[in-house]
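Enquirer: Got a sequence here, can you build the structure:
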Amino acid sequence: MIDNRTLQTLSNPHSPVAEAFRVARTNIEFSGVDQSIKTLLITSSMKGEGKSTVSSNLAVAFAQLGRKVLLVDADFRRPTLHRIFGLDNRHGITTSLLKKGDPLEFAHATAVPGLSVLPSGPIPPNPAELLMTAAMTAFLQRVVPLFDHVIFDAPPATIVTDAAILSTKVDGVVLVVRSGKVDRRLLKRCREQLDQVKANVLGVVVNGITRENEAYYYQYYYNSYYGQSQTPQRHKRRVRGKRGGSVADAVPTVREPQGLRVGQENDHSDA
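Expert: Numbers count the residues shown, from 1 in each chain. The predicted structure follows:
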């Protein structure tokens, strides 16, 4: 059974949460100045920041444009997508890579027209090495022409090398950060690791902005974006000082490299 609480873009498409993911979708599309973003990697600096929620909702949001989307669970250590979409995880991408068979043999159609999900399959003994094989290259060569977007949900980048390896094979990377939880030094190390392999980091999705500060947050960034008069200093302090509330009050916030953010509520956290 699909986890409707996580998939707000599907279960509640008119909600502020769903709108926030549509904004993220737009920001990703406009970030591809020199090339279209067909293959996308979602990762984080540590576990529990909501990367699987973000990747799932972004996949739904792209499919709702009438596009063909393949969502791949590339977290071979702590797979999550099969639970979100209610799928069998006995077979998946790891099965295909090891068998070197049809890479889409174990992909599942979903309730969203155009969206297919390929679960991770059995956890392999050598996840990083598997991503570096010729079979993985062949997988990409096979599936990319068949879909408008291929989205990978990868493990946290600072814990294992999987995300860094896969980031060299995709058009863009999105980092998911939970405000008030992630260590700034860890986040900096995450970015440095991705920079070392020349990953194309498109931007950041920030979780953990509390409902309490939402009005102040909007006023500050609305004024900043439209070049209006400066927001009173008390508003800026309020925004900075009240981040990092409970999971029940978490707000995902989209940040482009240029600084535009849009925030809405979300109350679910995962890998």
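
Enquirer: What helix or strand is residue 22 located in?
Expert: Using DSSP states H and E, residue 22 falls within helix 16-31.

Enquirer: avg pLDDT for the helix or strand following that helix?
Expert: Using DSSP H and E, the helix or strand that follows helix 16-31 in sequence is strand 39-44. The predicted model gives strand 39-44 an average pLDDT of 95.

Enquirer: Restrict strand 39-44 to CA atoms and write it as CSV.
Expert: C-alpha atoms of strand 39-44 as CSV (Å, rounded to 0.1, in the frame of the first residue of the first chain):
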residue,chain,number,x,y,z
THR,A,39,19.2,12.2,-14.6
LEU,A,40,19.0,13.4,-11.1
LEU,A,41,20.6,12.2,-7.8
ILE,A,42,19.0,13.0,-4.4
THR,A,43,21.3,12.6,-1.4
SER,A,44,22.0,14.1,2.0
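
Enquirer: Next, the angle strand 39-44 makes with the helix or strand just after it.
Expert: Next helix or strand after strand 39-44 toward the C-terminus (DSSP H and E): helix 51-63. Using axes from the mean of the first three to the mean of the last three Cα atoms, to 10 degrees, the inter-axis angle of helix 51-63 relative to strand 39-44 is 150 degrees.

Enquirer: Off-centre distance for helix 51-63?
Expert: 7 Å (Cα atoms, centre = their mean, to the nearest Å).

Enquirer: buried stuff in that helix?
Expert: For helix 51-63, the neighbour count (16 or more other Cβ atoms under 10 Å) marks 51-63 as buried. For every residue, glycine as well, the C-beta is placed using N, CA and C.

Enquirer: Go through those residues and say which is closest to residue 190.
Expert: residue 51 (11.8 Å; Cβ to Cβ).

Enquirer: Report pLDDT for that closest one.
Expert: 93.

Enquirer: start at 318 instead
Expert: With 318 as the first residue, the last one maps to residue 368.

Enquirer: isn't it right up against residue 495?
Expert: No - taking contacts as Cβ atoms under 8 Å, residue 368 lies outside contact range of residue 495: 9.7 Å.

Enquirer: Sounds good, over and out.
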